[in-house]
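Undergrad: all I have is the shape, not the residue letters:
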């Protein structure tokens, strides 16, 4: 149970400032903060500066095309109909570029949050875990979105920053999202109730 739950949405442009203010007010107390965002998700509509930057790397899309949730979902589901909707290569590459722009947008916000932890001294005793639930497919295996079980969708980032482990360490063993909760409990020196997953602390050591 969370003491504060905010589901107002709006992406990191709205969530980020609130999270930073919340962190700055908690310099001397233990906390658990969970930030969840759909920024790297359809619709792929990054901020204008990033849209221009990444859009310049690919051919301009067909006039009127936007990688909206509705447009991409209509294309995805039409493959099971008698008249599949086309997605020209230029539009596919543009959608992928906007996806990359959204990743850059989230990356910038993560940088701001990490900078806040450093400026407040919270980084000296705060564990940070960055993870995703799935990747996206851009017709690598015949479909859009995330409805299959290929590498593009299953191999997602999971990064852990701990005050005692400052040197980069890459763990090649298979780890999963369900390992996060037992890992956090282990790092905090707390017993884990019966749950799925395993602590990754032994791998870190």
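TA: Nice, I can see it. Everything quoted here is computed from the prediction, not taken from an experiment.
Undergrad: beyond the lengthiest helix in the chain, next helix or strand please.
TA: What stands out as the longest helix in the chain, according to DSSP state H, is helix 89-120. As assigned by DSSP states H and E, the chain's next helix or strand after helix 89-120 is strand 128-131.
Undergrad: can you pull out the helices in the chain?
TA: 12-24, 48-55, 69-78, 89-120, 151-154, 180-187, 201-204.
Undergrad: adding mean neighbour count, write those out as a markdown table.
TA: Glycine gets a C-beta too; all of them are placed from N, C-alpha and C. Shown next, in a markdown table, are the helices of the chain (neighbours: other CB atoms under 10 Å):
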| stretch | mean neighbour count |
| --- | --- |
| helix 12-24 | 16 |
| helix 48-55 | 15 |
| helix 69-78 | 16 |
| helix 89-120 | 17 |
| helix 151-154 | 14 |
| helix 180-187 | 18 |
| helix 201-204 | 14 |
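Undergrad: show me the contacts for the residue nearest the centre of the chain.
TA: For the chain, the residue nearest the mean C-alpha position is residue 132 (4.7 Å; CA atoms, centre = their mean). Residues near residue 132 by CB atoms under 8 Å, 6 or more residues apart in numbering: 40, 156-158.
Undergrad: what do you get if the cut-off is 10 Å, keeping everything else the same?
TA: Residue 132 makes contact with 40, 103, 106, 156-158, 177, according to CB atoms under 10 Å, 6 or more residues apart in numbering.
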